[in-house]
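Sharing a model prediction with you, sequence too.
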Amino acid sequence: MNELIRLENITKSFDENVVLNGIDLTVGENEFVTLLGPSGCGKTTTLRIIGGFEQPDSGIVYFDGQDITTLPANQRNINTVFQNYALFPHMNVGENIAFGLRVSGKSDAYIKDKIKYALKLVNLKGYENRRIDQLSGGQQQRIAMARAIVNEPKVLLLDEPLGALDLKLRQEMQYELVRLKKELGITFIYVTHDQEEALTMSDKVVVMNEGYIQQEGTPEEIYDEPINAFVADFIGDSNILSGKMVDERVVEINGIQFPCIDGTEQGFPPKKRVDVVIRPEDIEIRPYGKGLFNGTIISKLFIGVHYEMLVQSEDGKIEWLLQNYDQHDVGAKIGMYVRPENIQIMHKPKSEAESAMEIDL
Amino acid sequence: MKRLGKIYILIIMLFLYLPILTLMVLSFNEAKSMAVFTRFSLHWYAELFQSKLMLGAIVNTFSIAILAALIATIVGTMAVLGIDAMKPRTENVLLAANNIPMLNADIVTGIALMLFFLMIGVPRGYCTILFSHATFCIPYVILSVRPRLNKNTDKLYEAALDLGASEKYAFRKIVLPELWPGISSGFLLSFTMSVDDFIITYFTRGAGINTISTLIYSEVKIGIRPSLFALSTIIFVVALVTLIIVNYKQNKADKMAA
Amino acid sequence: MISRKRYATPFIVWIIAGTLIPLLSIAYYGFTARDGGFTFANITAMFQHDHMQALGLSLLLAFISTLVCLILAFPMAMILKDSKYGKQGFMIFVFILPMWMNFLLRTMAWQVLLERQGVINTLITMVGLPRQELMNTPGAIVLGMVYDFLPFMILPIYNTVSKIDNHLIEAAYDLGASRKKVYTSVILPLSVPGIVSGITMVFIPALTTFVISNMLGGGKINLIGNIIEQEFTVNSNWYLGSGLSLVMMLFIIVSMLFLRKFDKTGGESLI
């Protein structure tokens, strides 16, 4: 994949507040990259720096090999779909879409064709003359897309574009976005705090917190192999526990020994203190005494396809979160088992700054 | 309860409008009486329009109002854009200073301006009135434009830049239309405040220059002539028609939005 | 990003020249004697009998007028909120219209009504009663103040009252509140910002007026505004006039600080 955008050691602060702490990021041509993190993590600032709305305090932004750090927004071949859309309220749909084309002095016939094409692309044929306040949220979202893409940008920046929509529409739009991306064949950089959005649409997910990039990888890598407790906690429900390596490829949690697949080679030698992530769907239920450890079910919720249960360990010190298709009664004593490959061993945070990132958001 | 409410509205309306209606009726009275209607006549209207003093005052009133509103609108709108770029502390200090003429009593503002003109040795006349009117109008322009310049305006401006517009183009095509309702209502507010003002004009005018208000005041002091009733009728009708037009336009705009 | 600090320069110059320096010049004259030396005499002159009497009467009449306006305006605002007229803007229109009419002419209208040979006296004598001396009384001045300033009380109160969510009122009833309780603990507290700006817009002009007292008091009743005005226009004693103005400003500031304690929104409903 050809590199299209590269951020090199970007820092940015507002007044005394450090928002970006040395961001390095590469985005390839035709890639769907999602910046994911809680509010205040710096994802939107990163996007605004790429869009040209903010200047970094230090660091360089490359676009197609050129340094564009100080290039103003209106000279970048990048367009943005804004949070809450920023559609011009005093113009109708057609005028909104035409705005960028008029600025660049395209002919009326060309503009007319482009509006038609763009509206067709976002499934809103014939909406040229509608006023903005006559559109629903989902339609406004599509017009915002259309307005951006008619300019044929090489990169489309999307700042929480689905944030204002309800759940069902949001899921529909996710498919829609992926389809559009395929049809247009351009790069998408997407900002969201919704981990589901990030996992379903992206080629690459970049998890951010407190101005640092925590982890970068495919959705599968991020989900299956979170690099630290913050990422594990932010991506999906997990059991995150403190543990200690007791042997090669054996970790002890709360006095129980679990075989795992990480050892000295992976940087986890015996006696090392570690964090362990076990996804709730990876804990298998066995008859009492037949698993690696036992517990008592203390609560149960049916959430659609499966049941979610809280299981208290026998010494009462730990509550495990389990997801299972089978129903078990509250109060039942069960045995539990986890396959070695489903135990994700992580380094403990080193500094205070990093442990601060663990704070549950 | 509904009935009681209607009666109450009626009483208050009578209280507000009966005195004005009395003036209107008396303006068509042939006699000079303030109580007895003798015969229908238009000669008080004729007297009003033959008065050079009154015609001069009308010209002064409206030219000052238009100029003051124009100056206030430009200075005030620019101020909103400027204040927005400042640190919150400076912003607050300036906005507090901006509030002074609005909260202060007119008599104090008038006296203060009068002393200022005397101190710097500017002879009082048309220009001092204009300056004073612009002074008390600017705060109202700022108050009505400022709410229009918000995060949303910033976003729209950024969106225009994002789509390739130059800063000037984005300002003209996007920001100005966004601010426009505030700017136009600031202008209208300034205009009416200026036309209506008496107290500040009274202290900042020189001898020999009159606006409608100051002329009324000096005439009332000598003795009320029914030509003032004619003036009341005209002002009332003009205000009524203007308000109906404004109201009609607003209703139309509201319906279009709905 | 749209904004540039330098756009505010004309405004800052204007504020300094049109507001701050003029106010400072009042302060300068207020503390200066005729011979140019520093003095407190212009300030302490307020304690002279005539001045105290005028100030006392001003405070009293302004207080009464404000109270009457408030009592008349609040039910009006509530009726407008509940009726369909408010929404159509027709009623609002009815209260804005008098504001567009020159207030000197409006005050003059009452002069015409109250005069010895005026409309009311003519009607009274027609039914055989003796003529009443209606003009040149404190009552006439209060009437003029209420008439001139009532719309300025109604509109701000209506503005806040109309924004009270009806669900809040329904919720209060739902929770078992009596009608009285709904008014005292839901509607009234929520309309405080409007009431406060209404009071400001009536009390301050009423306290400082010299026009209404001049026209309806026939020059016989002196309010503090009349005293100050005469110092400037008749006696040409700017020093004394400024000193008295400073004392009057003190009263304005104190009453605004007092009102602000009730209104935590900082006068947003002014417009």
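Yep, that arrived. Remember, predicted model here, so these are calculated numbers, not experimental data.

And the next helix or strand past the strand or helix carrying C:Phe149?
For C:Phe149, the host element (DSSP states H and E) is helix C:138-161. Downstream of helix C:138-161, the first helix or strand assigned by DSSP H and E is helix C:166-174.

Which other helices and strands does that next one contact?
Helices and strands touching helix C:166-174, as assessed by 3 or more C-beta pairs under 8 Å, 6 or more residues apart in numbering or on different chains; DSSP states H and E, comprise helix C:179-182. Placement of C-beta: from N, CA and C, glycine included.

Give the buried residues for the helix or strand that the helix it packs on is followed by.
Note on helix C:179-182: by DSSP H and E, the next helix or strand toward the C-terminus is helix C:188-208. Neighbour counts over helix C:188-208 (16 or more other C-beta atoms under 10 Å in any protein chain shown) mark C:190-208 as buried.

packing partners for helix C:188-208?
If you count contacts as 3+ C-beta pairs under 8 Å, 6+ apart, helix C:188-208 packs onto helix B:106-120, helix C:49-82, helix C:138-161, helix C:224-233, helix C:238-260.

now it: how far from the chain's centre is it?
In terms of C-alpha atoms, centre = their mean, to the nearest Å, the centre of helix C:188-208 is found 8 Å from the chain centre.

Just the CA trace of that helix, in PDB.
Output of helix C:188-208 as PDB, limited to C-alpha atoms (Å, rounded to 0.1, in the frame of the first residue of the first chain):
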ATOM      1  CA  LEU C 188     -42.600  32.600  40.100                       C
ATOM      2  CA  PRO C 189     -39.000  31.300  40.600                       C
ATOM      3  CA  LEU C 190     -38.600  30.600  36.900                       C
ATOM      4  CA  SER C 191     -39.900  34.000  35.900                       C
ATOM      5  CA  VAL C 192     -37.400  35.800  38.200                       C
ATOM      6  CA  PRO C 193     -35.000  36.800  35.300                       C
ATOM      7  CA  GLY C 194     -37.900  38.500  33.500                       C
ATOM      8  CA  ILE C 195     -39.200  40.200  36.600                       C
ATOM      9  CA  VAL C 196     -35.700  41.500  37.400                       C
ATOM     10  CA  SER C 197     -35.100  43.000  34.000                       C
ATOM     11  CA  GLY C 198     -38.700  44.300  34.000                       C
ATOM     12  CA  ILE C 199     -38.000  46.100  37.300                       C
ATOM     13  CA  THR C 200     -34.700  47.400  36.000                       C
ATOM     14  CA  MET C 201     -36.400  48.800  32.900                       C
ATOM     15  CA  VAL C 202     -39.100  50.500  34.900                       C
ATOM     16  CA  PHE C 203     -37.500  51.600  38.200                       C
ATOM     17  CA  ILE C 204     -34.400  53.300  36.800                       C
ATOM     18  CA  PRO C 205     -36.100  55.500  34.200                       C
ATOM     19  CA  ALA C 206     -38.900  56.300  36.800                       C
ATOM     20  CA  LEU C 207     -36.300  57.200  39.400                       C
ATOM     21  CA  THR C 208     -34.400  59.500  37.100                       C
END
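
how far off helix C:224-233 does it point, in degrees?
When axes from the mean of the first three to the mean of the last three C-alpha atoms, to 10 degrees is applied, the directions of helix C:188-208 and helix C:224-233 differ by 40 degrees.

picking up where we left off before, in CSV: the helices and strands packed on helix C:188-208, plus mean neighbour count.
CSV is the format used below for these (neighbours: other C-beta atoms under 10 Å in any protein chain shown):
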stretch, mean neighbour count
helix B:106-120, 23
helix C:49-82, 19
helix C:138-161, 23
helix C:224-233, 22
helix C:238-260, 19
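
Might you report the residue contacts of A:Leu165?
With contact taken as C-beta atoms under 8 Å, 6 or more residues apart in numbering or on different chains, A:Leu165 is in contact with A:Gly137, A:Gly138, A:Gln141, A:Met173.
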